[in-house]
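Participant: got a predicted model here, sequence first, then my questions.
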Amino acid sequence: MKNNNRAGLMVTAGVLIVGLILSGCGQKTTKAPQTPEVTVVTIQPKQVAITTDLTGRTSANLVAEVRPQVSGVIQKRLFTEGSDVHAGQVLFQIDPALYQAALARSEANLKAIQLRADRLRELLVEKAVSQQDYDDAAAVLKQTQADIQTARINLKYTTITAPISGRIGRSSVTEGALVTAQQPTALATIQKLNPMYVDIAQSTADLLRLRRGMKEGRLNQNEANQKKVQLILEDGTAYPLAGTLQFREVTVDPTTGSVILRAIFPNPNGVLLPGMFIRAVVQEGVNKQAILIPQQAVSRDPKGNPLTLIVDAAGKVQLRMLTLDRAIGDQWLVSSGLVPGERVIIEGMQKVTPGASVKAVPFESGGEASSGDRKNKIPPPAKSN
């Protein structure tokens, strides 16, 4: 009897549990579906400065290679390598003995030649000598005077001075070295480092795109800061002083397909050195009706074409294919595919499909996106939905 009662109780309990499970499942299946919620941002055109990152190299404002103008032996080197020198400062002293002797010889000959020319001039008045004799003596006198002037110049050239102010590099000769006039090897090189030139390479494709943008009215170059250039140094830090664009070359380099832009930068602390590779941020113009959307709002189809989802006036999701110009900070600059006033989905794209009804919630941003162009550092494309 006890075994029969225990078995009955177990059967009754099992029936109750199954009933409860079936009751719970019935409640879940009858629950009404909820409308998915997405976060949207409304497209509002705004004025954006369009910039581009270009590579370049620094070069000195002035460069002077110091070479001897007379031959001789270096007696002294009168500067410290790597120091700043000023124009006219004595750098090298060549042994002047030969040039001093040449000057003394010419000056000694001058007195005798001058006396002879004077006597012949007096005799010419009395018709005691011919005109030819006097002319020959006068020519010898002028030649001797020229020899003296040349000797003085050569003697002056034995003292080699700095032609410009700037920073001088290492010396290629030491005391006791023999140098020759107009030799191909410079004794030292002086470079003026403040201000500093920056030569920037811009591809002809970018140049044509820029001109097309101006022609179509998307870019305006009549801005006060149009010629301002910023530098990014090799370690990624920004150079604190802005430069000014000087000119653009008119000839295309056939090996690189680019033209050279030259900018000039103040360099009071000597941070920029000749030959440094840098990145220059050049302002192309201003787009007064730019359409920007956050990068997380853009996906890619299987072919890699950019797309986004919007919420229309009826609260339904619509697909938009996009044409992107460039990345500006953490946003994309959209050339076509969106119009002002449309609501772009930036959060919740994975939960919806085109044609579905959604609840749109405005996106609240904590700050403005950066407007600096990072053309050479495009972020990875978003995954396709």
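Facilitator: Alright, I've got the coordinates. Numbering: from 1, shown residues only.
Participant: pLDDT score assigned to the closest residue to Q47 other than its chain neighbours?
Facilitator: Once flanking residues are discounted, Q47 sits nearest to K288: 4.8 Å by CB to CB, 6 or more residues apart in numbering. For the C-beta atoms, the positions are set from N, CA and C on the backbone; glycine is no exception. Note on K288: pLDDT of 78.
Participant: can you give me the neighbour number for K288?
Facilitator: 13 (other CB atoms under 10 Å).
Participant: cool, and I293?
Facilitator: 21.
Participant: please apply the same query to V361.
Facilitator: Residues near V361, counting by other CB under 10 Å: 13.
Participant: what about the helices in the stretch 151-300 of the chain?
Facilitator: Applying DSSP state H, counting those that start in this stretch to the stretch 151-300 of the chain gives helices spanning 204-215.
Participant: how about L309, secondary structure?
Facilitator: Three-state assignment for L309 (DSSP: H, G, I helix; E, B strand; the rest coil): strand.
Participant: for it, which non-adjacent residue is spatially closest?
Facilitator: That would be I345: by CB to CB, 6+ apart, it lies 4.5 Å from L309.
Participant: which parts of the stretch 101-250 of the chain are strands?
Facilitator: 159-161, 166-168, 178-179, 188-203, 228-232, 243-248 (DSSP state E, counting those that start in this stretch).
Participant: could I get these as JSON lines with distance to G304, mean pLDDT and mean neighbour count?
Facilitator: Formatted as JSON lines, those follow (distance: least, CB to CB, whole Å; pLDDT from 0 to 100; neighbours: other CB atoms under 10 Å):
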{"stretch": "strand 159-161", "distance to G304": "64", "mean pLDDT": "94", "mean neighbour count": "17"}
{"stretch": "strand 166-168", "distance to G304": "51", "mean pLDDT": "93", "mean neighbour count": "21"}
{"stretch": "strand 178-179", "distance to G304": "65", "mean pLDDT": "94", "mean neighbour count": "16"}
{"stretch": "strand 188-203", "distance to G304": "23", "mean pLDDT": "90", "mean neighbour count": "20"}
{"stretch": "strand 228-232", "distance to G304": "29", "mean pLDDT": "87", "mean neighbour count": "20"}
{"stretch": "strand 243-248", "distance to G304": "34", "mean pLDDT": "83", "mean neighbour count": "15"}
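Participant: any chance of these in JSON lines, with distance to Q149 too?
Facilitator: Below are the strands of the stretch 101-250 of the chain laid out as JSON lines (distance: least, CB to CB, whole Å):
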{"stretch": "strand 159-161", "distance to Q149": "17"}
{"stretch": "strand 166-168", "distance to Q149": "31"}
{"stretch": "strand 178-179", "distance to Q149": "23"}
{"stretch": "strand 188-203", "distance to Q149": "28"}
{"stretch": "strand 228-232", "distance to Q149": "50"}
{"stretch": "strand 243-248", "distance to Q149": "42"}
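Participant: among those, which comes closest to R320?
Facilitator: Nearest to R320 among these is strand 188-203 (30.3 Å), distances taken as CB to CB.
Participant: go ahead and confirm the residue nearest to Q47 touches A49.
Facilitator: No. Contact between K288 and A49 fails when scored by CB atoms under 8 Å: they sit 10.4 Å apart.
Participant: out of the strands of the stretch 101-250 of the chain, which is closest to S299?
Facilitator: S299 lies closest to strand 188-203 among the strands of the stretch 101-250 of the chain, at 29.3 Å (CB to CB).
Participant: quick one: the closest one to chain centroid distance?
Facilitator: 12 Å (CA atoms, centre = their mean, to the nearest Å).
Participant: what count of nearby residues applies to T52?
Facilitator: A total of 18 residues lie near T52 under the criterion other CB under 10 Å.
Participant: let the chain start at 108 from now.
Facilitator: I'll keep to 108 as the first residue from here, and by that count the last item is T159.
Participant: distance of it relative to L230?
Facilitator: Separation of T159 from L230 (CB to CB, to the nearest Å): 84 Å.
Participant: residue contacts, the residue nearest to L416?
Facilitator: V145, T146, V147, A404, T415, L416, I417, V418, V424, V459, V465, A467 (CB atoms under 8 Å, 6 or more residues apart in numbering).
Participant: going by distance to G163, which of these wins?
Facilitator: Nearest member of the contacts of I452 to G163, counting by CB to CB, is A404, at 33.7 Å.
Participant: pretty sure the closest one sits against G455.
Facilitator: No. Contact criterion CB under 8 Å: A404 and G455 do not qualify, at 10.8 Å.
Participant: now do the domain split for the chain, please.
Facilitator: For the chain, automatic domain parsing gives the domain ranges 144-157+395-469, 203-264.
Participant: adding distance to L185, write those out as a markdown table.
Facilitator: A markdown table is the format used below for the domains of the chain (distance: least, CB to CB, whole Å):
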| stretch | distance to L185 |
| --- | --- |
| domain 144-157+395-469 | 51 |
| domain 203-264 | 14 |
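Participant: of those, which is nearest Q176?
Facilitator: domain 203-264 (4.4 Å).
Participant: span of the closest one from start to end?
Facilitator: Its start and end residues considered, domain 203-264 measures 9 Å (CA to CA, to the nearest Å).
Participant: cool, and stretch 372-386?
Facilitator: OK, stretch 372-386 end separation, CA to CA: 13 Å.
Participant: number of nearby residues for the residue nearest to A308 when sequence neighbours are not counted?
Facilitator: Spatially, and ignoring its direct neighbours in sequence, A308 is nearest to S365 (4.4 Å; CB to CB, 6+ apart). Other residues lying near S365 total 20 when counted by other CB under 10 Å.
Participant: please apply the same query to the one 5 residues further on.
Facilitator: Per other CB under 10 Å, the neighbour tally for A370 reads 25.
Participant: my read: it touches L352, true?
Facilitator: Yes. Using CB under 8 Å, A370 is in contact with L352, at 5.1 Å.
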